[in-house]
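# Predicted model follows, preceded by the sequence.
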Amino acid sequence: MDQLSPIMLGFLGSLAAATLTAVGAAPVLFGRIPSRATRDLSLGFAAGVMIAASFFSLIIPALDAAEPRFDNGAAPAAIVCIAILLGMGAVALMNERLPHEHFRTGREGPEAASLRRVWLFIIAITIHNFPEGLAVGVGFGSGGMQGGLPLAIGIGLQNAPEGLAVAVSLLGEGYPKLRAWGIATLTGMVEPIGGLLGAGIITLSEPLLPWGLAFAAGAMLYVISHEIIPETHRSGHQNKATLGLSIGLVIMLFLDVWLG
């Protein structure tokens, strides 16, 4: 693995993380669907993993990468802050411009009556999964195995409950088990595209490293705040969701220190 290029590592790492979406959705094939409280706890875990990954695997390395380039101590912080806001703004713009549908809140974005509902679901989850693949690719592109492996493991862990949430929601809309599992699996497959793009940009242009790391962090933070945490609090299981978030955060922190 060490002999592979950072770009290939970014692609393979994000692909491996994406496959756990299919693993997480697998219970719907056997009719063993966890309770809503358990699913909210799992999504809270996913949010905790993403928060820790954003700060410890992306924002702090972005600051470290920017500091040697500037004598002014404020410049690295300014670059990282701007890049975080750009990442959040990019996902917000996709939410605004692309027609999509959330499982609870309904349609968002421009009118798209000609699109079948299943494709609206796929677009919504694609918006959320692309930044995760981008983050994994940036990690591998900037630090090779050491920089990308903790992110790939963390994102993979949080993909499992996301895949289950998608599949269960599709079952609730009347989709057959196999189709619900297949669509949930498909939503994760955008991550290798993001991984390839993130690793490629960082590898080809080193000055973009702090920008890319912080941009990926901002994109993930927007997804956490806009979608995942509100979803876990809609059914009265916020205590379990917060417990899951705490567990996910400390596990990701441990993985980042241990593997990174």
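Good, I have the coordinates.

# Heading C-terminal from the helix or strand encompassing Gly133, find the next helix or strand.
Assessed by DSSP states H and E, Gly133 sits inside helix 117-172. As assigned by DSSP H and E, the chain's next helix or strand after helix 117-172 is helix 177-188.

# If you count neighbours, what's buried in that next one?
Residues 177, 180-188 are the ones in helix 177-188 that count as buried (16 or more other C-beta atoms under 10 Å). (C-beta placed from N, C-alpha, C; glycine too.)

# do stretch 17-33 as well
17-22, 24-28, 33.

# Give me the distance from it to the chain's centre.
17 Å (C-alpha atoms, centre = their mean, to the nearest Å).

# Kindly check the end-to-end length of that stretch for me.
Counting by C-alpha to C-alpha, to the nearest Å, you get 22 Å between the two ends of stretch 17-33.

# for stretch 48-67, same thing?
27 Å.

# avg pLDDT for that stretch?
The average pLDDT within stretch 48-67 is 88.

# same question, stretch 176-195
Averaged over stretch 176-195, pLDDT sits at 88.

# low-confidence ranges in the stretch 151-260 of the chain?
Per-residue confidence for the stretch 151-260 of the chain (pLDDT under 70) gives these ranges: 173, 260.

# So what's the predicted local confidence for the residue nearest the centre of the chain?
By C-alpha atoms, centre = their mean, the mean C-alpha position of the chain lies nearest to Glu132, the distance being 3.0 Å. We have a pLDDT of 82 for Glu132.

# Provide a list of residues in contact with it.
14, 17, 50, 155, 158-159, 191, 194, 220, 223 (C-beta atoms under 8 Å, 6 or more residues apart in numbering).

# how close does Val138 get to Leu9?
Counting by C-beta to C-beta, to the nearest Å, the gap from Val138 to Leu9 is 12 Å.

# one step back: and which of the buried residues of stretch 17-33 is nearest Phe45?
Distance to Phe45, by C-beta to C-beta, is smallest for Gly24 among these, at 11.2 Å.

# Tell me the spacing between Leu259 and Gly154.
Leu259 is 10 Å from Gly154, by C-beta to C-beta.

# Looking at these two, which one has more neighbours?
More crowded of Leu259 and Gly154, by other C-beta atoms under 10 Å: Gly154, with 30 against 17.

# looking at it, that one is touching Val49, isn't it?
Yes - using C-beta atoms under 8 Å, Gly154 is in contact with Val49, at 4.8 Å.

# Confirm Trp211 sits in a strand?
No - assessed by DSSP: H, G, I helix; E, B strand; the rest coil, Trp211 does not belong to a strand; its assignment is helix.

# Help me confirm that it comes into contact with Ala83.
Yes - contact criterion C-beta under 8 Å: Trp211 and Ala83 qualify, at 4.7 Å.
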